[in-house]
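Engineer: can you look at this prediction? I've put the sequence above it.
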Amino acid sequence: MKQFTSESDLERVSCKHYRSRPYTVVVQQLAISLCTILILTQMAVGQNAHEDDVLIGPISIRLTESPVDDSSTFAAKDSQRKDFLKRWRKLAAIYSSSEDPLIQELKFIGRVHYQYGLVDGSVVGNDVNYETDEMRRFRLGLSAKFLKNWDLYAEAEMSDDQRPRGGELDIRFKHMYQFKMQLDMKNAFDLDGVDGFKLGIGSREINMSYEWVTSSKRIKTVERSAIANKIWAYNSEFANPTGIWFIAEREPVTWTLGAFSTTQHDWVAPFNDGELYYSNVHWDLQNGPDNEETDLRWTMFLQDVSAGDEVLAGGLDWATAVSIQRKRGPWEFHLEGIYGNNGDQLNANREGDFWGIVVMPSYWLIQDSLEAVFRYQYQGSREIEGIRLNSRYIRRAGARDGFPSLANGRGDEHHSCYLGLHKLIRSHHQKIMAGVEYDSLLQNGNQLFGSWSAMVAYRMYW
């Protein structure tokens, strides 16, 4: 508590120079954003297709204004949207030939995610009013299939947007986000005892939580929860570590097991520091009618580092997560429990065990077009600074506007509630997302910070 008390005077001084925005303006902007989503919903109804649909049929062009029946109108729209998705995917195709013994497929891949966020709250008696927009992700890369049994996936982060912290947007090569190859050993060596077996090398995401198993192209919320981000095994550049892994599949179980270097490198890292050992076991429990699915997942990592070594995941000693996903009709439900240890930190108040829970139901208001989602997240810790808020956008508000305790964003208890929509314009290839979130951060039972946040995002990939 002393740290937050000692910083309060600085925050009050900074607050005098900060021009706050009335709360009513915040509400108005949020209302405008949500209205935009609803308007786009009406404009784009019937213009979506599931990615697994068969992509056939030419573009239908309406040549006259003569009346047509509903079935023919629907067929024309359906043909148009399928043709658009087919053309959209072909934009990325560079080369494809199943007969070529060297290169079977080569694609140009990328994603552009842009978003706007605002925060309205209070810290140590001062109002916090903050808003920003940013290039959330801008990634370019290549994917390839070669030598019949090899896959390549290389994706670079091409933006460094410091505007949320008061800096500038810099479009440049920042680092390789993922750079991996996988060998299909089942096909290469005719392994009959398993349903699948792959060997992977390179840098890749270590997907611990269900929110991280889900790609940023398909997540239901604008940002993942703070506890999910805490157990992501990121390196010092917020990219992914280099390692080697195996993926074995025997229905209904898929098991991923790997070892990764904690050394930081913009491309492929050597094993100069410690190691992180990773396990992910996924059970496909049910696949039935009416889009009915049930999945169970257990993940864990252990980090073996010495003093002075570079670390992953902010130096966590270990972490584990158990999640279950249930899907039926338009409903989907996710429940996850997380536990771990913060490892050795420079500040002893940031060590010790931590834990959390995530509950996330969602419902398709318009099937495969407009989905509503709610998420509740709780995280707690044994020490008074053992857990932390997300950097977007509460901590960045503190960093930019001179609230040190808020920029620190640490406590021993954190509750957050998120409610939002995401509208698929062209399946997940193009979509708009919007949400509001309430965060409450506590330390020793006392609330350090409480705020409302709102976020609107446009996401596109190819």
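Structural biologist: Nice, I can see it.

Engineer: am I right that residue 186 is in a helix?
Structural biologist: Yes. Assessed with DSSP: H, G, I helix; E, B strand; the rest coil, residue 186 lies in a helix.

Engineer: residue 446 versus that one, what's the distance?
Structural biologist: 56 Å (CB to CB, to the nearest Å). Where you see a C-beta, it was placed from the backbone N, CA and C, and this is true even at glycine.

Engineer: for residue 285, same thing?
Structural biologist: 43 Å.

Engineer: and the helices in the stretch 51-200 of the chain?
Structural biologist: Assigned by DSSP state H, counting those that start in this stretch, the helices in the stretch 51-200 of the chain fall at 70-92, 185-189.

Engineer: pick out the shakiest of these, pLDDT-wise.
Structural biologist: Note on these: helix 70-92 shows the lowest mean pLDDT, a mean of 63.

Engineer: contact partners for the residue lying closest to residue 290 once chain neighbours are set aside?
Structural biologist: In space, and not counting its chain neighbours, residue 290 is closest to residue 329: 5.2 Å by CB to CB, 6 or more residues apart in numbering. If a contact means CB atoms under 8 Å, 6 or more residues apart in numbering, then residue 329 has 290-292 as its contacts.

Engineer: ok, now residue 449?
Structural biologist: By CB under 8 Å, 6+ apart, residue 449 lies in contact with 121-123, 389, 394, 405-406, 409, 439-441.

Engineer: so it: helix, strand or coil?
Structural biologist: Under three-state DSSP, residue 449 falls in the strand class.

Engineer: next: residue 406.
Structural biologist: Strictly by three-state DSSP, residue 406 counts as helix.

Engineer: for the closest residue to it other than its chain neighbours, give me its contacts.
Structural biologist: Spatial nearest neighbour of residue 406, chain neighbours left out: residue 398 (2.9 Å); criterion: CB to CB, 6+ apart. Neighbour list for residue 398: 123, 128, 404-409 [criterion: CB under 8 Å, 6+ apart].

Engineer: does residue 398 count as helix, strand or coil?
Structural biologist: Under three-state DSSP, residue 398 comes out as helix.

Engineer: part of a helix, is residue 393?
Structural biologist: Yes. Under three-state DSSP, residue 393 falls within a helix.

Engineer: now the helices for the stretch 301-450 of the chain?
Structural biologist: Remark: helices assigned in the stretch 301-450 of the chain by DSSP H, counting those that start in this stretch are 396-401, 404-408.

Engineer: of the contacts of residue 398, which is the nearest to residue 214?
Structural biologist: The nearest member of those to residue 214, counting by CB to CB, is residue 409 at 24.3 Å.

Engineer: quick one, what contacts the closest one?
Structural biologist: For residue 409, the contact set (CB under 8 Å, 6+ apart) comprises 388-389, 391, 394-395, 398, 441, 449.

Engineer: residue 283 reaches residue 253, doesn't it?
Structural biologist: Yes. Between residue 283 and residue 253 there is a contact at 5.6 Å, judged by CB atoms under 8 Å.

Engineer: who has more neighbours, those two?
Structural biologist: Higher neighbour count among residue 283 and residue 253: residue 283, with 16 against 13, using other CB atoms under 10 Å.

Engineer: sec struct for the more buried one, please.
Structural biologist: Going by three-state DSSP: residue 283 is strand.

Engineer: same check, this time on the one 4 residues further on
Structural biologist: Going by three-state DSSP, the secondary structure assigned to residue 287 is strand.

Engineer: host element of the closest residue to it other than its chain neighbours?
Structural biologist: Leaving aside its sequence neighbours, residue 287 sits nearest to residue 293 (CB to CB, 6+ apart; 5.7 Å). Using DSSP states H and E, residue 293 sits in strand 292-304.

Engineer: CA atoms only: put that strand into PDB for me.
Structural biologist: Extracted in PDB, the C-alpha atoms of strand 292-304 (Å, rounded to 0.1, in the frame of the first residue of the first chain):
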ATOM      1  CA  GLU A 292     -23.100 -29.900 -30.800                       C
ATOM      2  CA  GLU A 293     -19.500 -30.100 -29.600                       C
ATOM      3  CA  THR A 294     -17.700 -30.600 -26.200                       C
ATOM      4  CA  ASP A 295     -14.000 -30.200 -25.800                       C
ATOM      5  CA  LEU A 296     -11.800 -30.600 -22.700                       C
ATOM      6  CA  ARG A 297      -8.200 -29.200 -22.600                       C
ATOM      7  CA  TRP A 298      -5.400 -29.400 -20.000                       C
ATOM      8  CA  THR A 299      -2.200 -27.300 -20.500                       C
ATOM      9  CA  MET A 300       0.900 -26.800 -18.500                       C
ATOM     10  CA  PHE A 301       4.400 -25.300 -18.700                       C
ATOM     11  CA  LEU A 302       7.400 -25.400 -16.500                       C
ATOM     12  CA  GLN A 303      10.300 -22.900 -16.800                       C
ATOM     13  CA  ASP A 304      13.800 -23.900 -15.900                       C
END
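
Engineer: so what's residue 320 bridging to?
Structural biologist: On the basis of DSSP bridges, residue 320 is bridged to residue 300, residue 339.

Engineer: hmm, back to that, now the residue nearest to residue 290: how far from residue 370?
Structural biologist: 15 Å.

Engineer: same question for residue 421.
Structural biologist: In terms of CB to CB, residue 421 sits 6 Å off from residue 370.

Engineer: those two: who's more crowded?
Structural biologist: residue 370 (21 against 18).

Engineer: quick check: pLDDT value at that one.
Structural biologist: For residue 370, the model assigns a pLDDT of 98.

Engineer: so who does it touch?
Structural biologist: If you count contacts by CB under 8 Å, 6+ apart, residue 370 has them with 41, 364, 421-424.

Engineer: correct me, but residue 217 touches residue 111?
Structural biologist: Yes. Counting by CB under 8 Å, residue 217 touches residue 111, with 6.2 Å between them.

Engineer: give me the common contacts of those two.
Structural biologist: What both residue 217 and residue 111 touch, as defined by CB under 8 Å, 6+ apart, is the set 459, 461.

Engineer: which of these two has more neighbours?
Structural biologist: Comparing residue 217 with residue 111 by other CB under 10 Å, the one with more neighbours is residue 111, at 19 against 14.

Engineer: which residue is the nearest non-sequential neighbour of the more buried one?
Structural biologist: Nearest to residue 111 is residue 461, by CB to CB, 6+ apart, at 3.9 Å.

Engineer: on that earlier part again, now do the residue nearest to residue 290 against residue 369, distance only.
Structural biologist: Counting by CB to CB, the separation of residue 329 from residue 369 is 15 Å.
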